[in-house]
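Novice: model the structure of this input:
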Amino acid sequence: VYECNMEEQISSVIAEYAGHRASEKERVPHLGETFPLGESPITKGALRAHRPLSIGLNDPTTGEGDRARLLRLGGRTALIIPLLVRDRVIGFVDLCEGRRDRQFTEGEIRLCQTVANQAIIAVEKAGLFQEERKRALQLQTVREVSQKIVSILKLDELLAQVVELIQQRFGYYHVQVFLNNPDNQWTVFQAGTGRAGEVMVNEGHRLKIGEEGIIGWVASSGEFLLTNDVSKEPRFLPHPALPDTKAELAIPLPLGERILGVLDVQSERINAFEESDLFVLQSLGDQVAIAIENARLYTMTDQALAKRLEELAIMQQIDRQLNATLDYERVMDLTLDCALQMIGADGGLIGMIAQEEEGMRLLATRGYPREHGPSAGQLWPVDRGIVGRVVRTGQPVLASDVAQDPDYVSAISETRSQLTVPIRRED
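Specialist: So this is what the prediction gives:
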């Protein structure tokens, strides 16, 4: 009995039996061997016609490929009976006779066809049972994965769990997750299974959204892409760590109108993915997207809380130190040091307006070059730089790009942004 892939024109022996009168050559096992249908035009013709056909070594119509198969199996004549499911050829039965040239009668052909039909019914029922069993397992997996990831609030741990659980349940060659950068220019590898996952993490693997690979396309379009033969998909981008990929299914991770990233699974088998795989992974993709957003919100809240606690601690430190000294210069130095620590700045200064001198006297400075930078005791003109503008207007200024601010005066060459706020005293 052969299983056939009509698209690839390949047939494989999936079952065999030799009668007690079979010759030694007929008893040689061929289970698992493949035969190209393209080299057996008579057999291929019978399968396409959906009709039984007898072939023989001495039959002049038997092609060389069919003749070679007969010789390999130890047969002199054979009866080919197509196996059909809903008018689709899934294989054929090859009944070989090696002792003589045999003419199969109409009765024998009808009997063999009846037996084949009964076998097909049994196969189809078994297939339906397996499909239902697979579907039940897939739905169970969706529930299990959803239940496990919903309580994970650390993003790295969440994504590592997602790819491992999916691979364990479905046995895919590789599972990976990419997340889009905030600017939607790149989609960046976050988690993947096996050695390939480790390699991609270490190399900082990323893909240009909309331009590179199946994953880049899905990250841009928000649509899934399933290819059961990557050699025929022009958007496929191979990776050296995954040399055996033959099929790929990439699912977007949607949240409202946004695409957070891509869930991608790969197989080492052609035609590995079915509609059921798509259904399951889309269901998982929706759950994973929600879990990712929850983890991100938790992280942002946690980080914001930690930052606020750090700010309060610094303010308490300032308060304690200020109350512990009456040294004016020491107070200014402490205040400036704490301010720089709080916001992570590279340099800064504190000044006080000197009304009699028509300027601002610098009380403390940090991070400026000694040779030509501002220093404590120096008088800063109120018409100079961003600092002067804040003194004149009394309004704070946040210059995210100092190169775009016409009032900026360079004091530290590496400066890219500047925050200047007024110090007020209530009347």
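
Novice: ok, longest helix in the protein?
Specialist: Longest helix in the chain by number of residues, with DSSP state H as the criterion: helix 275-323.

Novice: quick one, the next helix or strand along the chain from it and helix 275-323 angle?
Specialist: Counting by DSSP states H and E, the element after helix 275-323 in chain order, helix or strand, is helix 328-343. Taking axes from the mean of the first three to the mean of the last three Cα atoms, to 10 degrees, one finds helix 328-343 and helix 275-323 inclined to each other by 180 degrees.

Novice: ok, back up a step: give me the helices and strands touching the longest helix of the chain, please.
Specialist: helix 106-149, helix 155-170, strand 247-255, strand 258-267, helix 328-343 (3 or more Cβ pairs under 8 Å, 6 or more residues apart in numbering; DSSP states H and E). In short, each C-beta sits where N, CA and C put it, glycine included.

Novice: 10 Å instead?
Specialist: On a contact count with 3 or more Cβ pairs under 10 Å, 6 or more residues apart in numbering; DSSP states H and E, helix 275-323 meets helix 106-149, helix 155-170, strand 174-180, strand 225-227, strand 247-255, strand 258-267, helix 328-343.

Novice: element containing Arg72, please.
Specialist: Going by DSSP H and E, Arg72 is part of helix 64-73.

Novice: list the buried residues of that helix.
Specialist: Using 16 or more other Cβ atoms under 10 Å as the test for burial, helix 64-73 gives Gly65, Asp66, Arg67, Arg69, Leu70, Leu73.

Novice: burial count for the residue nearest to the first one when sequence neighbours are not counted?
Specialist: When the adjacent residues along the chain are set aside, Gly65 lies closest to Glu39, with 3.2 Å between them (Cβ to Cβ, 6 or more residues apart in numbering). Burial measure for Glu39: 15 neighbouring residues, criterion other Cβ atoms under 10 Å.

Novice: measure Glu329 to Gln378 for me?
Specialist: Glu329 sits 14 Å away from Gln378, going by Cβ to Cβ, to the nearest Å.

Novice: beta partners of the most centrally placed residue in the chain?
Specialist: Geometric centre of the chain, nearest residue: Val177, 3.1 Å, by Cα atoms, centre = their mean. Counting by DSSP bridges, Val177 is bridged to Ala191, Leu263.

Novice: before we move on, what about the one 10 residues further on?
Specialist: When assigned by DSSP bridges, Thr187 has beta-bridge partners Asn180, Leu207.

Novice: verify the contact between it and Ser221 for me.
Specialist: No. Thr187 is not in contact with Ser221 according to Cβ atoms under 10 Å; the separation is 12.0 Å.

Novice: give me the common contacts of the two.
Specialist: Ile209, Gly210, Ile259 (Cβ atoms under 10 Å, 6 or more residues apart in numbering).
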